[in-house]
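Colleague: this is a predicted model, with the sequence first.
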Amino acid sequence: MNRTPRTLNRVLLGLAGLLLLAVGSGLVLLSTSPAAARWWQDTAPSLVADAGRVLEDTAMPGQSQSWLWPLLALTMAVTAVLLVLWISAQGRGRVDTLVAEYDDDGAPGRIAVSGAVPEQALRAALQQDPDVMSVAVSTWALRSGTGLRVRITPRQGAAPHLVAADATHLVDALDSALGRSSTVLISLEAGPRYRLGREDRVR
């Protein structure tokens, strides 16, 4: 339900990891291998000289500064903008409205139900169950409309299938009250120490 670009994140993390691994391996090699250190001592002066010649050859007309410096500043500004866009793309998908429909039967008008209504109703009903330790309900935008995500943490020793069945019955009652069926993801989590033991049920 979350619209975070996971594929892009994995690619970026993979590239960043490979870059850091290469830099770290090079530094370790230079510090531990005498042959690599001698090669760097022999090569670094020529690299610095080549960089100086490149800056001189790319000097702007009538100035001593190279046009590569403004290009570098522009590249950094574009990179900063792309990073802001990338950060804003994380965790998208949450909405505030569960139902928004136009009704022209009788008095025409738009009917909207805030996501806070089912969120508070389900949370209050589920927290009355002694087998439930905590509940988190949120509304998400889907391709087919909107839906709910219900995350339940049962108490230790509680039967997960019974907790899931109670949550399903409450969702059915909510659908009857709203007059429409919503897509609901019920997620059972065993607490922070047992994050791997999780069960998801889509209704």
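Modeller: Arrived safely. Numbering: from 1, shown residues only.
Colleague: low-confidence ranges in the protein?
Modeller: Residues of the chain meeting the criterion pLDDT under 70: 1-4, 91-92, 103-107, 191-203.
Colleague: where do the helices sit along it?
Modeller: Under the criterion DSSP state H, the chain carries helices at the ranges 6-32, 34-57, 68-88, 116-126, 160-178.
Colleague: can you lay out these as TSV showing distance to L142 and mean neighbour count?
Modeller: To be clear about C-beta, it is placed using only N, CA and C from the backbone, and glycine gets the same treatment. Below are these laid out as TSV (distance: least, C-beta to C-beta, whole Å; neighbours: other C-beta atoms under 10 Å):
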stretch	distance to L142	mean neighbour count
helix 6-32	17	11
helix 34-57	53	11
helix 68-88	20	11
helix 116-126	15	17
helix 160-178	15	16
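Colleague: which one of these lies nearest to V95?
Modeller: The closest of the helices of the chain to V95 is helix 116-126. By C-beta to C-beta, the value is 11.2 Å.
Colleague: return the closest one as CSV; C-alpha atoms alone will do.
Modeller: Extracted C-alpha coordinates of helix 116-126, given in CSV (Å, rounded to 0.1, in the frame of the first residue of the first chain):
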residue,chain,number,x,y,z
ALA,A,116,-10.4,9.3,10.8
VAL,A,117,-13.9,7.8,11.2
PRO,A,118,-12.9,4.1,10.5
GLU,A,119,-9.5,4.5,12.0
GLN,A,120,-10.8,5.6,15.4
ALA,A,121,-13.8,3.2,15.3
LEU,A,122,-11.6,0.1,14.6
ARG,A,123,-8.9,1.2,17.0
ALA,A,124,-11.4,1.7,19.8
ALA,A,125,-13.1,-1.6,19.1
LEU,A,126,-10.0,-3.7,18.8
